[in-house]
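Chemist: I'd like to go over a predicted model; first the sequence, then the structure.
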Amino acid sequence: MSARKLDGSLVLRNANVLLGSGEFRECDVRIDGPVISAIGEGLGGGEERDVGGCYVLPGLIDLHTHGIGYQAVEVCDLSAYAEMEAARGATSVVPTMFAPLDEILRQLKRHRAETAELSRLKQVRGFRLESPYVANTGAGRRQDLEPISRETTDAILEAGGGHIRIWDISPELPRAPEEIRYLTGKGIVCSIAHTKATIEQSRAAVDAGAALVTHLFDVFELPEQTESGVIPAGLVDYLLTEDRVVCEIIPDGTHVSPILVEEAWRCKSPERIAMVTDSNLGAGLPPGRYTLARGLGEVIIRDVNDGVRLVDRGMGLAGSALTPLDGLRNLVRLFGKSLELASRVCSRTPARLLGLNAGEIAEGRDADLIVLDEQLHLLLTITRGAVVFRAESLKSTQTEVLACLPEQGKST
Ligand SMILES: [Zn+2]
């Protein structure tokens, strides 16, 4: 990939910086190697670039993504995947698999080998398994599911080589609490997913350590009203009021009605909501018809906010067509959130969930940054101090605004 590494220091001058406190401040940001070393006025040293008053925000973090552009996680070249994510504002992603067990094992090993244990891809923070431990397939297939067994768990852990970060589990499956406890003990975030579990089963999963909810509202059952005048509470209601879990939201306005997004927003603090794309192959591409890999059929994208739809399954949804940058923009334009709050659920909350030293702009944090203009066009993506994306407009205009960042050799 064509990432440029920054040796030494870089100072972004004249920036509108979103600070960790949540305030915007007109100042400079200095980067030394992979970290932010100073924030303030009149910083100097090393390369200095005037960003012309543009926003400097924490890089976007996507905890749940299956594909982007022409890449799908199970068949992709992860370098190309990461390059496209960078061009859409992501500085950290967790590629997510929904595939049969043997395919998962094979792809984990392949990705590890091709990326030298991810050391070549700074944006990829590990992998996520949406199958095999879910009770309902959603857009997936029955053959992707397996009963929970320690043997299967250990086989996946071994194939993942310490790079599994998130693991989806339906609480109603036999052995779910034991496996959640086991995985949580290994530092893996367990996520309640694709479920018809009772509130009691889900509370047991949270007690066992489950800390995340996979695309809240999507592939969750509503409770049945069995007696006139008696309104039952369902699993979604429990999760909305359970402070121990972070709830993912797909912010395209199609997967979840804007009214439900607002409901979640009012129940959970921004520390308990994480924007995810749940994107599929085709995200970031123009409307059109695209072919999925592994014989999974054709999909149609009509609009960025209309999802990726399976042609041979009644145009049913198969993930979203969002990129991380689309998600941030939607939170502002579709759901009316401030840029500061939008940034929190796109960066800080997911960073804290994964225990990353990222997600906010502060001294000592990873230099994972994006630069956006007033219209939220992406101008620059910096991951761990390396420029991994620069807008074409900047490359061609070569003005004083960020046009001449040093190109000091390609990353490996
Ligand atoms: Zn998914």
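Modeler: All right, it came through fine.
Chemist: how about the residue most central in space within the chain, phi and psi?
Modeler: A centroid search over the chain (C-alpha atoms, centre = their mean) returns Asp62, at 1.0 Å, as the residue closest to the centre. Asp62 has phi and psi values of phi -110, psi 110 when expressed as degrees, to the nearest 10.
Chemist: that one and Gly316: what is the separation?
Modeler: Using C-beta to C-beta, to the nearest Å, one gets 23 Å for the distance from Asp62 to Gly316. For glycine as for every other residue, the C-beta is placed from the backbone atoms N, C-alpha and C.
Chemist: and if you look at Ala274?
Modeler: Using C-beta to C-beta, Ala274 is found at 25 Å from Gly316.
Chemist: and what of Gly364?
Modeler: For Gly364, the distance to Gly316 equals 46 Å [C-beta to C-beta].
Chemist: what secondary structure does Ser202 sit in?
Modeler: helix (DSSP: H, G, I helix; E, B strand; the rest coil).
Chemist: state the distance from Cys54 to the ion.
Modeler: Distance from Cys54 to the ion, counting by C-beta to the ion, to the nearest Å: 33 Å.
Chemist: Ala274 and Gly316: which has the busier surroundings?
Modeler: Legend: neighbour count by other C-beta atoms under 10 Å for Ala274 and Gly316, higher for Ala274 (29 against 12).
Chemist: identify the residues contacting that one.
Modeler: Residues touching Ala274, when contacts are defined by C-beta atoms under 8 Å, 6 or more residues apart in numbering, comprise Leu63, Leu212, Val246, Cys247, Glu248, Ile249, Val345, Thr349, Pro350, Leu353.
Chemist: which ones among these lie within helices?
Modeler: By the criterion of DSSP state H, membership of the contacts of Ala274 in helices covers Thr349, Pro350, Leu353.
Chemist: residues in this protein within reach of the ion, list them.
Modeler: Contact residues, the chain versus the ion (C-beta under 5 Å from the ion): Glu130, Asp278.
Chemist: returning to what we had before: top of the ones in helices among the contacts of Ala274 by neighbour count?
Modeler: Pro350 (28 neighbours).
Chemist: okay, that one: pLDDT?
Modeler: Residue-level confidence at Pro350 comes out at 98, pLDDT.
Chemist: next one: Ser393
Modeler: Per-residue confidence at Ser393 stands at 68 (pLDDT).
Chemist: same question, the one 3 residues further on
Modeler: Per-residue confidence (pLDDT) for Ser396: 45.
Chemist: low-scoring stretches of the stretch 251-400 of the chain, by residue?
Modeler: Judged against pLDDT under 70, the low-scoring parts of the stretch 251-400 of the chain cover residues 393-400.
Chemist: wait, what's in contact with the residue of it found nearest the ion?
Modeler: Going by C-beta to the ion, the ion is nearest to Asp278 of the stretch 251-400 of the chain, at 4.4 Å. With contacts defined as C-beta under 8 Å, 6+ apart, Asp278 is in contact with His64, Thr65, His66, Thr96, His215, Asp218, Glu248, Ile250, His255, Gly319, Ser320, Leu322.
Chemist: what of Ala15?
Modeler: Applying C-beta under 8 Å, 6+ apart to Ala15 gives the contacts Glu26, Cys27, Asp28, Val29, Val51, Gly53, Cys54, Tyr55, Val56, Val371.
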